[in-house]
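next input, structure requested:
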Amino acid sequence: MKEKKPYFTIRQSLLVSAMITSIPAASGYSSEQQHLNADAINITATRTVKTADETLASVTVITKEDINRLQVRNVQELLRGVTGIGITNNGGAGKATSLFMRGTESDHILVIIDGIKIGSATSGAIPLQHIPLDLIERIEIVRGPRSGLYGSEAIGGVIQIFTGGNKGVYGSTFSISAGSHNTGKISAAIAGGDDQGWYNIHLGGENSNGFNSCSGSLTAGCYTIEPDDDGYKNISGSMNFGYRLNNGIEIGGIFLQADNNTEFDGSFQNKSEDRTRLFGGHIKASPTEALAVTFNAGRSIDQSNNFLNGTFASKFNTTRDTFSLQNDLAINEDQLITLGFDYQQEEIESTTLYPVSSRENKGVFSQYLGSFHKHDLQLNLRRDDNEQFGGKTTGSIAWGYGFDSGIRVTTSYGTAFKAPTFNELYFPFYGNPNILPESSNSFDIGLSGDSGRFYWSANLFRTEIDDLIAYDAALFTANNINKALIHGLEFSLTTSIVEWQLKSDITLLDPRNKTSGANNNNTLPRRPKRSLRIDIDRDFYQYSLGATLLAESGRYDDLANSRRIDGYGIIDLRGEYEITRSWRLQARLGNLLDKDYETASFYPQDGRNYMLTLIYQP
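Modelled structure (predicted):
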């Protein structure tokens, strides 16, 4: 295939962004419109109810309205280019997808759905590619270390996905889509109740022929030659419900399941049947006006059955049980103390024999939130006791100050860790039961402003990671032999230009391998050093139009920095027509200029593509 040059270089795109964002915003544009994310309820950054603009962390909130407006096809398309986030994908919908936050490893991110941790305990992989967008009501992205609140994995940050709808909203919705690669999608939901009791039920399905997911050879990429289309199927459902008793006690529950059938190219396996399932419940009570008590319990299941040319090859199943008890004590209107306990037990079932197949982790955490005039303070401290590696203490401190001009400065320091996976501990001919958790320390300083016409934020950060786990050729096992040092700058702007709503995200990274040896000071693989995303939209009576520009610089695909992946720039267009008050027709044209590009070597991304969607929403 002939290599095409990027239609937008990263420098050209950054220049365009700078020119656009320097134009004064329209005076009639409201603060609520200009930064939707700042007004959304946020509980992830502090595990307490705060709005995003009150937190001392770098936060992005993506709402249901954002998802509908952007018309993206899956979670990886929704998140790519968002401040601080890099995505790699192995060849289309449903294929293996990795997410890097602030340049940390793909398993240094804690992902939670409705308060329940998801992911594989064997590989550490998070099945974001299998979570249908139609199930999602809101996504909260918190950048920076959060082990002081959540424990393991939260080195780069935390992503929490909320399903279901708003309390007390009646109605039903329906949508049907058709697009490139014979893709078809259908979704239906119903909701009801009031402030005392509510429920949300959703069902959906997707089927796509896909495209050839790997252009490798017998010696590279997927180590096979299979020039065929690699299809994907997904059937999903979810249910949320809640009820508030007359004494104020609230009870609620969640169930979610996504069954997937994914074809890909590979020499050991080329098809997987996966299931992501979670269910749980919560009880909230306020024994006194100053005390709020929350109990959460849940189970997440990650199942993967793998095949080679139709013959069963392997299975890896993870069951994770969790519960937490959290007490929030308000000293006064401006000060809050949180004390809590977390418990987690992981069990695996696999065709691969592991000498240990279960472990538990207990964690206690505390938090102080205080406001003093224009100052805000957050302190976190947590102690984890893991059955495999013993104890680990983490914590953080954050401070903020708000000026009368609307400008706010924040700074924070935090430590975090990531527990070894079962593969790193016990996988045959690789695992090492003596390895230690990976650990990090991070420093962040941020500046943000809200003039009423536009909202902007900038964060400068530094993260040092020690005891990174990698294969030790001298011992023929996994070992704590790697180190990394990451510097970065993030910038986000939301404004309007002559009634066009504009959001721009820029991430600049310097992720370095600091391990002694031949790879010292090399760039960490699969992280672009520069990325830019611009979303622009406008409503015209019954019509709406929008576009997304995504540009990323080149990256390396290996630790030795010997295999380079070129940078790229793509443009997506979208439009919507309101047929009646209840019916809408959406049209999306992705990768307008048909750019050939990859985010992982030998795994092509989709060329020019389209999607048509008919939506019913009374």
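
show the average pLDDT along stretch 579-590.
On average, the pLDDT along stretch 579-590 is 97.

kindly report the same for stretch 312-320.
96.

tell me where the stretch 501-618 of the chain has strands.
For the stretch 501-618 of the chain, the strands defined by DSSP state E, counting those that start in this stretch occupy 530-540, 543-552, 555-556, 564-565, 568-578, 583-590, 598-600, 603-604, 609-616.

got JSON lines for these, with distance to G204 and mean neighbour count too?
In this view, the C-beta of every residue, glycine as well, is placed from N, C-alpha and C. As requested, those are arranged in JSON lines below (distance: least, CB to CB, whole Å; neighbours: other CB atoms under 10 Å):
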{"stretch": "strand 530-540", "distance to G204": "25", "mean neighbour count": "20"}
{"stretch": "strand 543-552", "distance to G204": "23", "mean neighbour count": "20"}
{"stretch": "strand 555-556", "distance to G204": "33", "mean neighbour count": "24"}
{"stretch": "strand 564-565", "distance to G204": "33", "mean neighbour count": "18"}
{"stretch": "strand 568-578", "distance to G204": "20", "mean neighbour count": "19"}
{"stretch": "strand 583-590", "distance to G204": "16", "mean neighbour count": "18"}
{"stretch": "strand 598-600", "distance to G204": "26", "mean neighbour count": "22"}
{"stretch": "strand 603-604", "distance to G204": "26", "mean neighbour count": "22"}
{"stretch": "strand 609-616", "distance to G204": "13", "mean neighbour count": "16"}
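
where in the stretch 51-200 of the chain is pLDDT low?
Scanning the stretch 51-200 of the chain for pLDDT under 70 picks out 165-170.

now the stretch 251-400 of the chain
Within the stretch 251-400 of the chain, the set of residues satisfying pLDDT under 70 is empty.

tell me where it has strands.
271-288, 291-308, 311-332, 335-350, 358-372, 375-386, 390-402.

ditto for the stretch 101-250 of the chain
Using DSSP E, counting those that start in this stretch, the strands of the stretch 101-250 of the chain run over 109-113, 116-117, 136-143, 157-163, 171-179, 183-193, 197-211, 230-244, 250-263.

helix, strand or coil for D66?
Following DSSP: H, G, I helix; E, B strand; the rest coil, D66 is assigned to helix.

could you report the neighbour count for it?
D66 has 19 neighbours, counted by other CB atoms under 10 Å.

pretty sure S496 is touching L502, no?
Yes. Using CB atoms under 8 Å, S496 makes contact with L502 at a distance of 6.5 Å.

just grab the bridge partners of the residue nearest the centre of the chain for me.
Compute the mean C-alpha point of the chain, and by CA atoms, centre = their mean the closest residue is I159, 4.6 Å away. Using DSSP bridges, the bridge partners assigned to I159 are V111, I141.

wait, it sits on I113?
No. At 9.5 Å, I159 does not count as touching I113 under the criterion of CB under 8 Å.

tell me the spacing between Q76 and I186.
Separation of Q76 from I186 (CB to CB, to the nearest Å): 21 Å.

between the two, tell me which one has more neighbours.
More crowded of Q76 and I186, by other CB under 10 Å: Q76, with 21 against 15.

that one should be in a helix, yeah?
Yes. Checked against three-state DSSP, Q76 lies within a helix.

contact partners for it?
Residues in contact with Q76 (CB atoms under 8 Å, 6 or more residues apart in numbering) are I87, N89, T97, L99, L128, Q129.

ok, now how distant is the closest residue in space to the last one that isn't next to it in sequence from S106?
Spelled out, it's Q129. Nearest in space to Q129, with sequence neighbours left out and distances taken as CB to CB, 6 or more residues apart in numbering, is T97 at 4.2 Å. Distance of T97 to S106, given as CB to CB: 9 Å.

likewise for I615?
In terms of CB to CB, I615 sits 33 Å off from S106.

using CSV, lay out the strands of the stretch 251-400 of the chain together with mean neighbour count.
CSV is the format used below for the strands of the stretch 251-400 of the chain (neighbours: other CB atoms under 10 Å):
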stretch, mean neighbour count
strand 271-288, 17
strand 291-308, 18
strand 311-332, 16
strand 335-350, 17
strand 358-372, 17
strand 375-386, 19
strand 390-402, 18
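
so can I have CSV of these showing distance to V72?
Formatted as CSV, those follow (distance: least, CB to CB, whole Å):
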stretch, distance to V72
strand 271-288, 19
strand 291-308, 24
strand 311-332, 28
strand 335-350, 32
strand 358-372, 34
strand 375-386, 33
strand 390-402, 32
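
which of those sits closest to S582?
Ranking these by proximity to S582 (CB to CB) places strand 271-288 first, at 31.9 Å.

got the angle between the closest one and strand 250-263?
Counting by axes from the mean of the first three to the mean of the last three CA atoms, to 10 degrees, strand 271-288 lies at 170 degrees to strand 250-263.

then strand 271-288 to PDB, C-alphas only?
Output of strand 271-288 as PDB, limited to C-alpha atoms (Å, rounded to 0.1, in the frame of the first residue of the first chain):
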ATOM      1  CA  LYS A 271     -11.200 -15.200  17.200                       C
ATOM      2  CA  SER A 272     -12.400 -14.500  20.700                       C
ATOM      3  CA  GLU A 273     -15.800 -14.700  22.400                       C
ATOM      4  CA  ASP A 274     -15.700 -12.300  25.400                       C
ATOM      5  CA  ARG A 275     -18.100 -11.400  28.100                       C
ATOM      6  CA  THR A 276     -18.100  -8.400  30.400                       C
ATOM      7  CA  ARG A 277     -20.600  -8.600  33.200                       C
ATOM      8  CA  LEU A 278     -21.000  -6.600  36.400                       C
ATOM      9  CA  PHE A 279     -23.700  -6.300  39.000                       C
ATOM     10  CA  GLY A 280     -23.900  -4.600  42.400                       C
ATOM     11  CA  GLY A 281     -25.900  -2.400  44.700                       C
ATOM     12  CA  HIS A 282     -25.600   0.400  47.200                       C
ATOM     13  CA  ILE A 283     -27.100   1.800  50.300                       C
ATOM     14  CA  LYS A 284     -26.900   5.400  51.300                       C
ATOM     15  CA  ALA A 285     -28.000   6.800  54.700                       C
ATOM     16  CA  SER A 286     -27.600  10.000  56.700                       C
ATOM     17  CA  PRO A 287     -27.900   9.100  60.400                       C
ATOM     18  CA  THR A 288     -27.300  12.800  61.200                       C
END
